[in-house]
Structures are given as C-alpha cells and as structure tokens.
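Colleague: Kindly return the folded structure for what I paste below:
(2 chains)
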Amino acid sequence: MMVDVMQQLLPGFLIPYFNGLMQLGQDTFGSAWANILTLVWTVIKVMLIIAPLLLIVAYVTFWERKIIGWMQVRIGPNRVGPWGLIQPIADGLKLMLKEVVIPSGADRSVFLLAPVFAFAPALAAWAVIPFNATLVLANVNASLLYVMAMTSIGVYGIMLAGWASNSKYAFLGGMRSAAQLISYEVAMGLALVVVLMVSNSLNLGEIVKGQGQGRFAEMGLGFLSWNWLSLLPMFVVYLVSCVAETNRAPFDMAEGESEIVGFHVDYSGMAFAVFSLAEYSAMILCSTLTSLLFLGGWLSPVGFLPDSIFWLFAKISAIIFFFFWIRATFPRYRYDQIMRLGWKVFIPVCLIWVVVVGFWMMSPWNIWK
Amino acid sequence: MEFKTFVFYFLSTVLVYASLRVVTLRNPVHAALHLVLAFFSASGVWILLQAEFLAIALVLVYVGAVMVLFLFVVMMLDINLDRLREGFWSYLPLGAIVALLMVAEMSLVIWATSSDLFDHDVAQTAAGYSNVQAVARLLFTQYVYPFVLASVILLVAMVAAVALTLRGKRLSKSVSPAQQVFVKSKDRVRVLQMPSEKRE
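Modeller: Sure, this is the predicted structure:
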C-alpha cells in the first residue's frame, strides 16, 4: 500500500533510492518488514490527520477572536503579522515559554497527566471519522460507538485536574464540570440512538450514505432528505448538548471567569494551553459529527452539484461559526438551570422521540426504508 | 513472532501490572486510575479476539461511566490510610479464602471448556461480519426475557436511588427554575419615561 503510493508520489530520480531502501529493509528484517511498513504507513496517515487538525485548531482560536470582535464592533487581533494572522503562533510560542507552576501539595503525576486525559480522546476519535466515501483512516463497523467511547473519556481530564491541584476551588469546579458533562452525555447518547435507529447502522460512512436516499434526494433536493429535518428535535438536542459537552459559552461553567472558579485555575503555561487545545479540538470534532450525522456529511445539498469533501468542510465551518455566534450572543447559564435543561428537558424529549421514531418506522409511513 | 502476538503480550503485561497496582497502591485515586488502565488493556485484548462491540462497550460503560462515579466517591471521601490498614491481618483469612475460591472457579471453567487452551485458534470471522448485529440478534430473540428482566431490575435500582434522595417536602425557599426561565424583562424592570425638568 505504502510502497505503491510512494512510487507514484516521489519524483523519478528518487525512485531507485526508495526501491533500494525497501530492498535493504527486506534483507535486514526479513518477514517482519511488512509489519514494520504497515506500522510506518499507519503512523504517517495518523500524522496526516493530526497535523492539519492542530493547525486548524490554532486558526479557529484566531477566527473566534476576529468574529466575536466584529460582532462586538471591535477589530480583534490585528498586530502580529498581516491582519494579525500570526497571532495564534505568537500565542502558542508565549505559552510554551511560560513556566508550568505546580502548586505545593499537588499530586504531581496526576496534575501533569490530567491535560493529556483531556486532549488525547479528542484526537483519538478522529481515527474513524470519514471525510468522503473512501477517505477514512479506520473503517470500523461500530465507529459511532467508538467515537462515543472516546469522547466519554474526556471527563477524566477535568476531574483529575480539579483533584490534583489540591485546591478546594479547583476541586469544586472540577466536580461541577464533570457533573455537567455526564448529564449532557446521556442526552447526546439518546439522540444518537435515534440516528442509528433510522440509519440501521453504527458505521459513520453508512449513516451518511443513508441520508442521500429518499424522495427529496430523487427530486434533487438532497438537503431536505438529511436527518436534520426528519429528526429536527434530535438535531437541536444534539447541537445544544455539543455546546455543553465542549464547555463552550453559554455552558462554560468550567471557566466562569467572572463569578466562579473553574477546574484549571491552578494550571499555567503549556499545561493550561493543552486544556484549551482540547476544548477547541473537541469543538471541531463535535461539529464534524453533527455534519456527518445530521447534515449529510460530504453529500451535496442539491442534485446538480457533485458530492465532495468540500461540502463537509463547509458544513463544519458553518457549525463552528454557530458556536462563536452563540458565544457572542448569550449570557452564561446558571448551574441549576444547566442541570434542569439537561435532565428535565432534553432527556425526556429524547426518550419520547425514541418511542415516536420506533412507531414511525413500524408504520406504513416509514420514510427510511 | 507475529505482530498480533506481540500486541497481545504487550497488552497483557500492562493489564497484569495495572491490576496488581490497583490492590497494592496506597492512594485510592491512583488505584482507581490503574483500574481504568486495566479496563483499557482488557478492551484491547478483546479487540484482538475480534469482539469489538464488547471492547467498545467496556470502555464506554466502565471507563466512561462507572469509573467516573468511582472517582467521584473516592475523591470526596476523606480516607484515613492508617485506620484502613489496621484491619489488614484480621481480614486476611476471609480475603484469602475468597481469592482461592475465585481462582479455583476460574481454572475449572477454563479447563472444562477447552483442555487445549493454548493451541486453540479463535474462529476467524469474515470481513463484513458485524459483531453488533450478532449480539443484538441473540439479545432480542433468544435472550429477550432475561434482557427485559435485567432492565426492569436496573429500573428498580434507579427508582430506589431517587427514593433515597427524595426526602419529603422541599423546605427551602428557592424558586423553581421552570418559572425563572419564562420571566420576561417587563415582569422585573419598569422603564419610566420622565420629562426633563427645567431649573428655576
């Protein structure tokens, strides 16, 4: 696999050297060489996803500041580089050079492990995300379950950060955010149950393909046959739960600069930066999942335009813009109101909708055949 | 050595190490974290056995939900390690008996089902074979009554937990958030139009 691709990509004068290298490896390692090649090829593919992702994360923070600036009639960052374009790099460099202060009495190993726990799941989930009908790192049968399992680990970062800081404020903040994440995960999971009921599959690629069928798709109005319309309540629940899961405003109990203190109050430097990297990559992941599950992924909205990966990117960008928009618009929720919304509104709505869709699918008016 | 074998030994080593640390570590939070690591390695071993649904469910349920609640409790408790260690010798005989019984039972199960455990090939499944469908088909046809029964028992446990925390009438004077979210600004603020006054 890797050998074929490399022979196509490399310029002509390098191919003999490449073949020589392959021959050398074959001679040295024998039968293990194929395994080593598979490993190297997988690592390269992983890097091809993670490196652009980190770059996008950096520029999402930039666009967030710009867009919120424009919404509040400010200019936003405009000093570093042309139009302020180097600002995220400068921020990253500054954070890397700062000292990571570890509070006395803190549990050192857990304190440093917590940001990793927050960040790693948000990256690991990308392994099964399909970018178009063929472009996917690991085409797992139960990829939706895998994404749910990975994102459910992110809560450890928050809890451990709160506990390991050895501070009551951080601990209370950690408990508060962990309770929030767990509550909204339930609503999110139930919304996903409805999606996989109608698409009859746990594979993200199959779920997207299923949305390209139906009466509206045949009429060339593909965007009406996507799940967002037929499962509108679930779409709303999922989108709002996404905002809550990623700790974004107006659900940003985790930060709460003005009135309460969050779980990462004792973090500084790069350890703090990893938390915010985790927040932004989780946000991009959530937007991607919403576009795949409810907005038809890479499918084209109208019949006369071809399906393409650019549709997926456009949908993701639109949802990320939506995240920024509500951050600039709404004031922060109070904690008991967050809990009420999650447990008393979203979960009952989802439970009822599971039953409704079940009956709908068994009735003669089933539209998902 | 085949790559799969290497992965298996790696995961098993981590699993055994993590499980040992769960019982030997003094700090309960560290012990719980090692339990998380043990669950993770176990799910890796299950993936090697091509039971991907069970493996993901293990991570989703045990790592994502059960251990989080465990950590919640462990972190909030003020555990005095010295007092915990006092009873070690008096509890040892009971613990040893339970452990021996478990070892005996497990080895009986293993040796009864397959005497040729170590040269036993796991049945390879076809590429398109879906574990989830196979489990669901069994769960909703052959084992539907035990399945429904288990869910009813879980429901009873949930109702019991609610009943334990619900202690009679609420005596605090807090306002229901249901009423609060429907408040409009004109219910709370009255804007007066005052004509400006002239100085005499």
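Colleague: What segments of chain B are strands?
Modeller: With DSSP state E, there are no strands along chain B.
Colleague: pLDDT score for the closest residue to chain A within it?
Modeller: At 3.0 Å from chain A, B:Gly64 is the closest residue in chain B, using Cβ to the nearest Cβ. The C-beta positions use only the backbone N, C-alpha and C, and glycine is treated the same way. B:Gly64 is assigned a pLDDT of 88 by the prediction.
Colleague: Number of residues surrounding the closest residue to it other than its chain neighbours?
Modeller: The shortest distance from B:Gly64 to any non-neighbouring residue, by Cβ to Cβ, 6 or more residues apart in numbering or on different chains, is to A:Ser152 (3.0 Å). Here the count is done by other Cβ atoms under 10 Å in any protein chain shown, and A:Ser152 has 23 residues near it.
Colleague: mind listing what A:Ser152 touches?
Modeller: Contacts were defined as Cβ atoms under 8 Å, 6 or more residues apart in numbering or on different chains; by that measure A:Ser152 touches A:Pro121, A:Glu185, B:Val59, B:Leu60, B:Val63, B:Gly64, B:Ala65.
Colleague: ok, of the residues you listed, which come out buried?
Modeller: Among those, the ones that count as buried by 16 or more other Cβ atoms under 10 Å in any protein chain shown are A:Pro121, A:Glu185, B:Val59, B:Leu60, B:Val63, B:Gly64.
Colleague: So which of those sit within helices?
Modeller: When DSSP state H defines the helices, the subset of the buried ones among the contacts of A:Ser152 inside them is A:Pro121, A:Glu185.
Colleague: Can you tell me which of the buried ones among the contacts of A:Ser152 lies closest to A:Leu231?
Modeller: A:Glu185 (18.7 Å; Cβ to Cβ).
Colleague: Who are the contact partners of that closest one?
Modeller: Counting by Cβ under 8 Å, 6+ apart, A:Glu185 has contacts A:Thr151, A:Ser152, A:Val155, A:Ser241, A:Glu245, B:Gly64.
Colleague: can you pull the contacts of the closest residue to A:Phe119 other than its chain neighbours?
Modeller: Counting by Cβ to Cβ, 6+ apart, A:Phe119 lies nearest to A:Ala278, which is 4.1 Å off, once chain neighbours are set aside. A:Ala278 is in contact with A:Pro115, A:Ala118, A:Phe119, A:Ala122, A:Gly154, A:Gly157, counting by Cβ under 8 Å, 6+ apart.
Colleague: Closest to chain B out of those residues?
Modeller: The closest of those, once distances to chain B are taken by Cβ to the nearest Cβ, is A:Gly154, at 9.2 Å.
Colleague: So what touches stretch A:162-182?
Modeller: With Cβ under 8 Å, 6+ apart, stretch A:162-182 has contacts from A:103-107, A:110-111, A:113-114, A:154-155, A:158-161, A:244-245, A:247, A:251, A:253-254, A:256, A:260-267, A:335, A:338-339, A:342, B:29, B:65, B:68, B:71-72, B:75.
Colleague: now the residues you listed: which count as buried?
Modeller: For the contacts of stretch A:162-182, buried by 16+ other Cβ under 10 Å: A:103, A:106-107, A:110-111, A:113-114, A:154-155, A:158-161, A:244-245, A:247, A:251, A:253-254, A:256, A:260-267, A:338-339, A:342, B:29, B:68, B:71-72, B:75.
Colleague: what residues does chain B put near chain A?
Modeller: B:3, B:27, B:29-30, B:33, B:36, B:52-53, B:56-57, B:59-60, B:63-65, B:68, B:71-72, B:75, B:130-132, B:177-178, B:180-181 (Cβ under 8 Å from any Cβ of the partner chain).
Colleague: Could you say which helix or strand holds A:Val155?
Modeller: Per DSSP states H and E, A:Val155 falls inside helix A:154-164.
Colleague: roughly how far out does that helix sit from the chain middle?
Modeller: 19 Å (Cα atoms, centre = their mean, to the nearest Å).
Colleague: Select the helix or strand of chain B having the lowest average pLDDT value.
Modeller: Lowest on mean pLDDT, DSSP states H and E among the helices and strands of chain B sits helix B:81-86, with a mean of 70.
Colleague: What count of nearby residues applies to residue 100?
Modeller: If you meant another chain, say so; for now it's chain A. 15.
Colleague: ah, I was thinking of chain B
Modeller: 10.
Colleague: Which pLDDT value does the model give it?
Modeller: 95.
Colleague: ok, now B:Leu77?
Modeller: On the pLDDT scale, B:Leu77 gets 78.
Colleague: If anything else comes up later, I'll come back, but that's it for now.
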